[in-house]
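A.B. asks: With the input below, show me the fold.
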Amino acid sequence: MIFDPMYLIFMAPAMLLAFIAQAMVSSRYATASRVPASMTGAQAARRILDVAGLRNVAIEQTSGHLSDHYDPSRKVVRLSPEVYGNASAASVGIAAHEAGHAIQDAVRYTPLVLRSLAVPLASFGSNTAFILFFVGLVVQSLSFLAVLGIALFSFVVLFQIITLPVEFNASTRARQQLASLGIVSNEQTRQVKKVLNAAALTYVAGTLMALLQLLYLLSRLNRR
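C.D. replies: Predicted coordinates:
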């Protein structure tokens, strides 16, 4: 399949936003890492979870840079080394964000439930949509596969859209818990907000990228 330059034209805004978001995350994380906090990331997450009555949720250190995440299947908050053991505004902010996901899971936060339900279809669509689309585009007798590919990729877009309120809500919970428990000061709160807002922008970029990919597929099918 010959590369279509229109794809770059469609994707340019999302690629630019993703670049800006990653640069903001790196810059703001570096700044907030130099602002000391009263607890390490692991201690802050443990405090938030305990107050929420989630003593059954474990906290583990995982490998990788900023690989922090919450595993709902195992009820574990996994924190990267720099977040787990460092006492900084950046560390407690990120750890609190992941603890926020654990709280969402415990209260059955609707967007999180919907995102979990969408995972299998989104994963399948991500792996097969483009293959089906381009096979249907090339092979005239299998043109229906192009439409099927678009339908499957729609689940990827839906997953990305549902992810936005999940991430925004976890960040809001993080800031509220850190402030109410006295883990951060006003200055530290500002640094936490900057880091979490930059991280949220990466999800906005991912959603925009998925939407523009879907529009590209529809445009390509229309040209066909």
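A.B. asks: Tell me both backbone torsions, phi and psi, for the most far-flung residue of the chain relative to its centre.
C.D. replies: Here the centre of the chain is the reference, and by Cα atoms, centre = their mean the most remote residue is Ser141, at 38.9 Å. Dihedral pair for Ser141: phi -70, psi -10, per degrees, to the nearest 10.
A.B. asks: And the helices in this structure, which stretches?
C.D. replies: 5-33, 41-51, 81-84, 89-106, 110-138, 144-180, 186-223 (DSSP state H).
A.B. asks: mind listing what's buried in the third one?
C.D. replies: It refers to helix 81-84. 82-84 (16 or more other Cβ atoms under 10 Å). The way it works is simple: take the backbone N, C-alpha and C, and place the C-beta from them, glycine included.
A.B. asks: Looking at the residues you listed, which is nearest Ala44?
C.D. replies: Distance to Ala44, by Cβ to Cβ, is smallest for Val83 among the buried residues of helix 81-84, at 9.5 Å.
A.B. asks: so what's that closest one closest to, chain neighbours aside?
C.D. replies: Once flanking residues are discounted, Val83 sits nearest to Gly41: 4.0 Å by Cβ to Cβ, 6 or more residues apart in numbering.
A.B. asks: Would you agree the one you found is in contact with His97?
C.D. replies: No - when contacts are counted by Cβ atoms under 8 Å, Gly41 is not listed as touching His97 (10.0 Å).
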